[in-house]
Every structure is written in C-alpha cells, then in structure tokens.
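**Student:** here is a sequence with its predicted model. Questions after.
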Amino acid sequence: MSNDLTQHLGAMRAALRQLQDGEIGVAALCGAWRSQRAVLAALPPRYEQVAEDLLGRLEAGSLFTEESCSFSQHDLIDSLNTWLDKATHALAPA
C-alpha cells in the first residue's frame, strides 16, 4: 500500500475517532470520508457502495435526537471501523 493511501486511511480513521469523541459531527465525518477519493478508487467498487450506505444511514440517523431502532449510531460506527479494517487489509500488498 502506498504512503498516500495509508495517510488517507489514517485520515478516515481519525475522523471516525473524532466523531466518537464528540469533536466533530456526522456531517463532518461524512465529508471527510467522501473526500478520500484515492482510497475509494483503489478499492473494488463494492467498498464504495458499502461505505456510502453506512454513511447515508449515519446521516439519516443523525436527524433524530435519540437512538432509532433502525439507525443505531454506535452500530454504524462499529461497521465503519470494520470497513476500515477490511479496506486496509484489501489494500495491503499480498
């Protein structure tokens, strides 16, 4: 994996951590993730589809003041962490 991709994945992980720590909101996280075009372009198309689905649900869930049974922010954050782990593995040299 190139240093650029490592840095982009690091930025995505940092944004997710900032959301968990309450330093940024959902809109900022989604913007940070969507701006990482290099990572998304380097992965199979399915990764972008899954990431966009998770981000969309996170955005929709943020419209509610309480956890919605359909959109648990905690579960979506866990899923984004899993996505990052799998993306990192997929981009690692064989």
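**Tutor:** Structure received. Every value quoted in this text rests on a predicted model; they were computed, and no experiment measured them.
**Student:** gap between the residue nearest to the spatial centre of the chain and residue 17?
**Tutor:** Central residue of the chain (Cα atoms, centre = their mean): residue 80, 4.6 Å from the mean position. As judged by Cβ to Cβ, to the nearest Å, residue 80 and residue 17 stand 11 Å apart. Where you see a C-beta, it was placed from the backbone N, CA and C, and this is true even at glycine.
**Student:** give me the mean pLDDT for stretch 54-70.
**Tutor:** Averaged over stretch 54-70, pLDDT sits at 75.
**Student:** what is the mean pLDDT for the strand or helix carrying residue 83?
**Tutor:** Assessed by DSSP states H and E, residue 83 sits inside helix 73-91. Helix 73-91 carries an average pLDDT of 94.
**Student:** neighbouring contacts of it?
**Tutor:** If you take Cβ atoms under 8 Å, 6 or more residues apart in numbering as the criterion, helix 73-91 is touched by 1, 5, 9, 12-13, 16, 19-20, 26, 33, 39, 42-44, 47, 50-51, 54-55, 57-58, 61-62, 67.
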